[in-house]
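Trainee: need coordinates for the following:
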Amino acid sequence: MANDDLGRTLRRLRRLASLTQEELASRSGVSVDVIRQLEQRRKHSARLPTLHALANGLGVELTTLLGDPPAVSSSGENDGPQFVAVRRAIMPALWGPEPPPPGPDFTLDGLRGQIADGWTQYHAAEFDTVMKAIPDLISDARSAAASGSEDERGAGYAALGKVLQLAGHVAVRMGKTDLALISLERAIDAAEQSSDPLLLPMIVNSTAWTYQRQGRLADALGIALRAADNMADLGLTGTADGLKVWGGLTMSAATSAARSGDYERAAAMMETAEKEAACVSKMPDGGDKRMVSVFSPSSVRVERVRLAVQYGHPRDALALAKGMRLSKGTPPSWRTWLLLDVARAHADIGDAAGAVKTLESLRRVAPAWMQHHTLAVAIVRDLWALPHHPPGLGALADFLGVSE
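Mentor: Just a heads-up that it's a prediction; the model follows:
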C-alpha cells in the first residue's frame, strides 16, 4: 500500500545517514518531537514543508522518503513490461533506424485526438491505460515529425513534444523522476522545432513539477517564473490558452515558494493568479482544452485550499472550499485532490466525523486513486489511531487495508 509506513522509512533513512533524532532535527529544522512521533507511528502523515525539510536533512529525494507513489500498484510493481516499453519509447536505441513514414490511415488530427485522450486518462488516474498507449503514440509522432512538408513536420514535432510530456508525467507517477526529466528534455527539443509557441512553457511547467518532486524547490521556482515572464514579454498571454499556460506556471511557482517556507510570497502569487483566471472565459477560445494547462478560478481555488492545509491553516482551507462549484473543465484529478485536502483539514481541527464523510465522498468519486494515494492512507491511519472511531471509518479502514 502506498506510504504504508512513513515512520519506518524515516527511521531507516536516518540510521543509514548515521544520524540521531536530535541531529536530524538540527539539520532539518523539524522538532525532535515530530520526528519521534513519526518514527513511533503515533503520526502517519506530515505537511509537505515538514517532509521536504526532513528529506533535505537526510540528503534524499522527497520521493525516497514517501515510498511508493500513487501510480504504483499494491504489489509494488512499477517496472513491469508496460513501463519498460514506455522507457524504451522515450529512449530508443542509439543509432537505431530512421522512423518510417506514417501509414496510409494516419492523420495528424487523429494523433492529436489520441494524445488528448491520453491526457484525459492520465487525469483520471488510468495509468495502465495510458502506459499501453504511449509507445505507439511516440512512434507515430516521431514518424510525423520526420515526414511531409515543413508545416506537417512542425505539427508532428508539436505532437511529439506533447506525448513526451505525457510520458514524463507518467514516469513521475511511477517514481522515476530522472527518466521523467529525460522525457521532458526531449519534449523541449521537440517543442523548439514545433509550430506551437505555447508548448515549450507548458513543458517547462512539467519540468518544474518534477523538480518539486525531487526537492529542487529553488530550481522549480526559478524556471517557472522565467517561463512565465518570457510568455508575457513575447505577448503570448492574449488568448485563453496562453493565459492558462501562464497561470499554470504562476501556480507552480507559488507552490515552490510555499514549500520553501515563503508562504506570504506564495499567497501573493495565488491572489494574482486568481484575478487573472477570471479573465480566461472572456478571451478567444483555443483548441482542445485537454491539451493545455489547467487554469481557471476553480483550479486556483483548489490550489489555495491545498496551500492553506499544508501550511497549518485548516479553518481557512475549509472556508475557501465551502460552497465551491468546480467548472466543467476541471479534471477529475483536481476534484479528488480537493476532497483529500478538505478531509485533511477536517482531521487537523479534530473533526473526525467530517473527515470520514469527505473521505467517503472521495471513495465514491475515485476509489482506485484513493487506494494508492499516500495522503489518503495516512489520514485514515491517523483517524484509526484515535480512541473513538466515527461511523464509517471502519469501512474506509478495511478498504485501504489500514485495519489489518
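Trainee: got the phi and psi for the closest residue to Leu198 other than its chain neighbours?
Mentor: Among residues not flanking Leu198 along the chain, Val245 sits closest, at 5.1 Å (Cβ to Cβ, 6 or more residues apart in numbering). For the C-beta atoms, the positions are set from N, CA and C on the backbone; glycine is no exception. The phi/psi pair for Val245 (degrees, to the nearest 10) reads phi -70, psi -40.
Trainee: what's next to stretch 310-320, contact-wise?
Mentor: By Cβ atoms under 8 Å, 6 or more residues apart in numbering, the list of residues contacting stretch 310-320 from outside reads 47-49, 258-259, 263, 301, 304-306, 308-309, 341-342, 344-346, 348-349.
Trainee: the residue nearest to Leu198 contacts Met231, correct?
Mentor: Yes - applying Cβ atoms under 8 Å, one finds Val245 in contact with Met231, separated by 6.7 Å.
Trainee: more neighbours: those two, which one.
Mentor: Using other Cβ atoms under 10 Å as the criterion, Val245 and Met231 rank with Val245 on top: 28 against 22.
Trainee: okay, that one: pLDDT?
Mentor: Note for Val245: predicted pLDDT of 93.
Trainee: state the distance from it to Met251.
Mentor: In this view, Val245 and Met251 are 11 Å apart by Cβ to Cβ, to the nearest Å.
Trainee: shared neighbours, the two?
Mentor: Phe295.
Trainee: pLDDT-wise, which helix or strand of the protein ranks last?
Mentor: Scoring the helices and strands of the chain by mean pLDDT, DSSP states H and E places helix 62-66 at the bottom, with a mean of 74.
Trainee: contacts for stretch 127-140?
Mentor: So stretch 127-140 is in contact with 71, 82-83, 85-86, 88-90, 99, 102, 106, 111, 114-115, 117-118, 121-122, 159-160, 163-164, 166-167, 170, 173-174, going by Cβ under 8 Å, 6+ apart.
Trainee: pull out the buried residues from those residues.
Mentor: 71, 82-83, 85-86, 89-90, 99, 102, 111, 114-115, 118, 121-122, 159-160, 163-164, 166-167, 170, 173-174 (16 or more other Cβ atoms under 10 Å).
Trainee: overlap of the contact sets of Val245 and Met231?
Mentor: Contact criterion Cβ under 8 Å, 6+ apart; residues shared by Val245 and Met231: Pro201.
Trainee: only alpha carbons, please: show stretch 58-65 as CSV.
Mentor: The C-alpha trace of stretch 58-65 is given here as CSV (Å, rounded to 0.1, in the frame of the first residue of the first chain):
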residue,chain,number,x,y,z
LEU,A,58,18.5,13.3,5.2
GLY,A,59,20.1,14.2,1.8
VAL,A,60,17.5,12.2,-0.2
GLU,A,61,14.7,13.0,-2.7
LEU,A,62,11.2,13.5,-1.3
THR,A,63,10.0,10.5,-3.3
THR,A,64,12.5,8.3,-1.4
LEU,A,65,11.0,9.4,1.9
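Trainee: appreciated, that's everything.
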